[in-house]
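Trainee: from the sequence below, what's the structure:
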Amino acid sequence: MADSTNVAVAANFKPTLLLLQNHFQAQSGHRLIISSASTGVLFNQISHGAPFDVLLAADVEHPQKLEHAGLTVAHSGFTYAQGQLVLASLNHTLDQADESSIRQQLRLAKTIAIANPALAPYGLAAQQSLSHLQLWPPLPAQLIRGNNISQAQQFLMTGNVQWAFIPLSPLLVEQGVHYWLIPRDWYQPIRQQAILLQSGRHNEAALAFMTFLQSDVARHLIAQQGYILPSRN
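Mentor: Residues are numbered from 1 along each chain as shown. Reported below is the predicted structural model:
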């Protein structure tokens, strides 16, 4: 019997989840109801009783906190993707960029968008990258903080900022955006974890989706969207 499930997804992964949704619904007959925000905001909503069945976070820490609080099905969490951070611009070419030139361009920048590091793992990764460049805390006066990574991307695409630290994934379908892949040793790995919440324990659609997310079909699509796939256990 077909069922529906409420999935809370980190803002960076929503476009990929919409693609996965089409495959999952066609294959299973179940329906996904999607809500998106920063991982920190979703964590707060779940902590205060929001009726989600599955959380697709952009880190490991928030799902672990929910598990310790007894709000998840024990040992149900797994990493479904690892994110990649880029520095993007509409006006500056970055083909020959290196650490020295990136530092210099950011030092001269008037506006740089990042997601709020307190709420969004990609924002924290941006902060860590700026720290690597020895530009944090010197730069914060130039920073424009979005509530989540989608808002930081919107600041860039509307021309309201010169630079933005955003995920690689959404830029694969954008035209006219120059970007530079931030070396992965500049920031803590962005291991995005899925976890089954208590309200999804007996929800057939939620259980089926958690299985689907680890399937070859889902993994292939996730990799196509610019994420690094976790090793199979």
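Trainee: give me phi/psi at Q25?
Mentor: Dihedral angles of Q25 (phi, psi; degrees, to the nearest 10) stand at phi -70, psi -40.
Trainee: in the sheet, who's paired with the residue nearest to it when sequence neighbours are not counted?
Mentor: Spatially, and ignoring its direct neighbours in sequence, Q25 is nearest to R31 (6.0 Å; C-beta to C-beta, 6 or more residues apart in numbering). Bear in mind the C-beta positions are built from the backbone N, C-alpha and C, glycine included. Beta-bridge pairing of R31, defined through DSSP bridges, involves S4.
Trainee: surely R31 touches A205?
Mentor: Yes. Using C-beta atoms under 8 Å, R31 is in contact with A205, at 6.7 Å.
Trainee: those two: who's more crowded?
Mentor: A205 (25 against 13; other C-beta atoms under 10 Å).
Trainee: can you give me the strands in the chain?
Mentor: With strands called from DSSP state E, the chain shows them at 4-10, 31-37, 54-56, 78-83, 85-89, 112-115, 143-146, 163-167, 178-181, 190-196.
Trainee: how about these in TSV, adding distance to S129 and mean pLDDT?
Mentor: Output for these, formatted as TSV (distance: least, C-beta to C-beta, whole Å; pLDDT from 0 to 100):
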stretch	distance to S129	mean pLDDT
strand 4-10	19	98
strand 31-37	23	97
strand 54-56	23	98
strand 78-83	13	98
strand 85-89	7	96
strand 112-115	9	96
strand 143-146	12	94
strand 163-167	7	96
strand 178-181	11	94
strand 190-196	11	98
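Trainee: identify whichever of the ones you listed lies nearest to S231.
Mentor: Checking the strands of the chain against S231 by C-beta to C-beta gives strand 78-83 as the closest, at 9.0 Å.
Trainee: what is that closest one packed up against?
Mentor: Using 3 or more C-beta pairs under 8 Å, 6 or more residues apart in numbering; DSSP states H and E, the elements in contact with strand 78-83 are helix 121-132, strand 190-196, helix 216-224.
Trainee: 10 Å instead?
Mentor: Secondary-structure packing of strand 78-83 (3 or more C-beta pairs under 10 Å, 6 or more residues apart in numbering; DSSP states H and E): helix 14-28, helix 121-132, strand 190-196, helix 216-224.
Trainee: identify the residues contacting V173.
Mentor: By C-beta atoms under 10 Å, 6 or more residues apart in numbering, the residues touching V173 are 15, 225-226.
Trainee: and for L94, the neighbour number?
Mentor: Neighbour tally, L94, other C-beta under 10 Å: 19.
Trainee: run a quick neighbour tally on the closest residue to it other than its chain neighbours.
Mentor: Among residues not flanking L94 along the chain, W180 sits closest, at 4.1 Å (C-beta to C-beta, 6+ apart). Using other C-beta under 10 Å, W180 is surrounded by 20 other residues.
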